[in-house]
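*Asks:* only geometry, no sequence info:
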């Protein structure tokens, strides 16, 4: 079976958490919306009653007849099939819980540049974005990243959940990578407080499948349309 | 086995989605943090390494040795055990996907009064909250609630996923109930556009276990500390 991933063709965005899992797993997949006519097909699927229910938003994954939306849900599905999650129910719930906590964090990262909501442009909310970003770096990033640093400190390593890499490690890689792109100055100062997550980032990035992916043109470069956006005014 | 639910004792908040599932199921549970010393015990569990990983935030559910955090994750666990979710993998993923979409919506509802982040008081962000609330009612509430109304319109009913009530129906009940409390004027105008969700709300509220719960003192009244807050300035 060949998976089809549907996500906006011009950004890493939320689709990237799924792309990283598919790449690490060496899964047979196509990034369907990046093909000719792909985004139209994606939109048609979202408006069709043939998916029941249709996805509320990309990304979604087509696996034969199954159409699965919501990043954490897709990873829950893929994790069990590709060795990126523990086999026991307790282990799967534990990992999913961590992924849902990262999902919450991703919303807060996005809201640094969109505090007044996703319907307005950044340019219409610069002042509010500056305030929210200050709060984010004062309180929220330390709380979320500190939580994961603490888990890494108490685990047996080298990965967050032990000896085997999981989809949560891949997502943490993406978050560290994205924060470095969006906030290079702030992140440089902050990273001293999360040495284990920085090391985990490098460890994931050096895995053969991930390293090959990052060098390929399948990896879309960061830009100011995704979740992680570099606006110099926000990176003081 | 008696479940222990841990959540802030003074608010419905995110814990309410779990309370409704436990009540509908007639499950044996205690709302542990509402007992004497309960919140201290909750905080101790969050700071303890005996939960691995400790929950990032309440609510969390203790089921024997298992400690499960994140609302959607708890409902995924409970749904399978108490007949509040389909048995097939495809059915469970479909329902979980809908719950995760509601999770996203709940963040946006919360952000109407906290656009600059959860670390500042509402009083420090009144102007921004007014802007975000306008955007919410102009674009986001129609998009999210319209999506669920559409699913209800195409399903066989009487519940969202068919003949049997699921945890997603309970969460939709809570969202309609909460929006009515927080935005009575706006919701009165808006509800004409979501007649099926309004009917679903009433159908869920009339179920014997839910009706008994709503009349009991186990149901904490809405107030301005939870997700749904009534601020007259935001309800025009």
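*Replies:* Perfect, I can see it now. Here the structure is a predicted model, which means the values were calculated and not measured. Numbering: from 1, shown residues only, chains lettered A, B, ... in the order given.
*Asks:* where does chain A have low pLDDT?
*Replies:* Counting by pLDDT under 70, chain A has no low-confidence residues at all.
*Asks:* redo that, cut-off 90
*Replies:* Low-confidence segments of chain A, defined by pLDDT under 90: A:48-52, A:155-157, A:161-162, A:236.
*Asks:* Please, where are all the helices along it?
*Replies:* Here chain A has its helices, by DSSP state H, at A:15-25, A:38-46, A:71-81, A:89-113, A:126-135, A:141-154, A:167-182, A:184-190, A:195-205, A:208-215.
*Asks:* what angle sits between the first one and helix A:167-182?
*Replies:* It refers to helix A:15-25. Helix A:15-25 and helix A:167-182 are oriented at 130 degrees to each other (axes from the mean of the first three to the mean of the last three CA atoms, to 10 degrees).
*Asks:* What of the longest one?
*Replies:* Our comparison of helix A:89-113 with helix A:167-182, counting by the same axes, to 10 degrees, yields an angle of 10 degrees.
*Asks:* and helix A:89-113, what other elements does it pack with?
*Replies:* helix A:71-81, helix A:126-135, helix A:141-154, helix A:167-182, strand B:66-69, helix B:71-81, helix B:89-111 (3 or more CB pairs under 8 Å, 6 or more residues apart in numbering or on different chains; DSSP states H and E). Where C-beta positions appear, they are placed from N, C-alpha and C, glycine not excepted.
*Asks:* In it, which residues are buried?
*Replies:* Within helix A:89-113, the residues that count as buried by 16 or more other CB atoms under 10 Å in any protein chain shown are A:92-106, A:108-113.
*Asks:* swap in stretch A:159-168?
*Replies:* Buried residues in stretch A:159-168, counted by 16+ other CB under 10 Å: A:159-161, A:165-168.
*Asks:* now that stretch, how far from the chain's geometric center?
*Replies:* Offset of stretch A:159-168 from its chain centre (CA atoms, centre = their mean, to the nearest Å): 16 Å.
*Asks:* Just put the helices and strands packed on helix A:89-113 in TSV and tack on distance to residue B:129.
*Replies:* TSV is the format used below for the helices and strands packed on helix A:89-113 (distance: least, CB to CB, whole Å):
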stretch	distance to residue B:129
helix A:71-81	28
helix A:126-135	11
helix A:141-154	22
helix A:167-182	25
strand B:66-69	28
helix B:71-81	24
helix B:89-111	9
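*Asks:* Quick one: closest of the ones you listed to residue A:221.
*Replies:* helix A:167-182 (9.1 Å; CB to CB).
*Asks:* Report the angle between the closest one and helix A:71-81.
*Replies:* Interaxial angle, helix A:167-182 versus helix A:71-81 (the same axes, to 10 degrees): 140 degrees.
*Asks:* and helix A:167-182, what does it pack onto?
*Replies:* helix A:15-25, helix A:71-81, helix A:89-113, helix A:195-205.
*Asks:* Minimum distance to residue B:87: which of the ones you listed has it?
*Replies:* helix A:89-113 (15.0 Å).
*Asks:* Make TSV from the helices of chain A and add distance to residue B:61 to it.
*Replies:* TSV is the format used below for the helices of chain A (distance: least, CB to CB, whole Å):
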stretch	distance to residue B:61
helix A:15-25	26
helix A:38-46	33
helix A:71-81	18
helix A:89-113	10
helix A:126-135	30
helix A:141-154	19
helix A:167-182	20
helix A:184-190	33
helix A:195-205	28
helix A:208-215	34
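*Asks:* looking at the ones you listed, which is closest to residue B:77?
*Replies:* That would be helix A:89-113 among those, by CB to CB, at 6.2 Å.
*Asks:* and the angle from that closest one to helix A:126-135?
*Replies:* Using the same axes, to 10 degrees: helix A:89-113 against helix A:126-135 is 140 degrees.
*Asks:* any idea how far helix A:89-113 is from the chain center?
*Replies:* Relative to its chain's centre, helix A:89-113 lies at 9 Å (CA atoms, centre = their mean).
*Asks:* what's the angle from it to helix A:141-154?
*Replies:* Between helix A:89-113 and helix A:141-154, the angle comes out at 150 degrees (the same axes, to 10 degrees).
*Asks:* which ones are touching the spatially most central residue of chain A?
*Replies:* Residue closest to the mean C-alpha point of chain A, counted by CA atoms, centre = their mean, is residue A:17 at 3.6 Å. Residues near residue A:17 by CB atoms under 8 Å, 6 or more residues apart in numbering or on different chains: A:71, A:75, A:167, A:170-171, A:174.
*Asks:* could you dump those residues to a markdown table with distance to residue B:150?
*Replies:* Formatted as a markdown table, the contacts of residue A:17 follow (distance: CB to CB, whole Å):
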| residue | distance to residue B:150 |
| --- | --- |
| A:71 | 22 |
| A:75 | 26 |
| A:167 | 31 |
| A:170 | 33 |
| A:171 | 31 |
| A:174 | 32 |
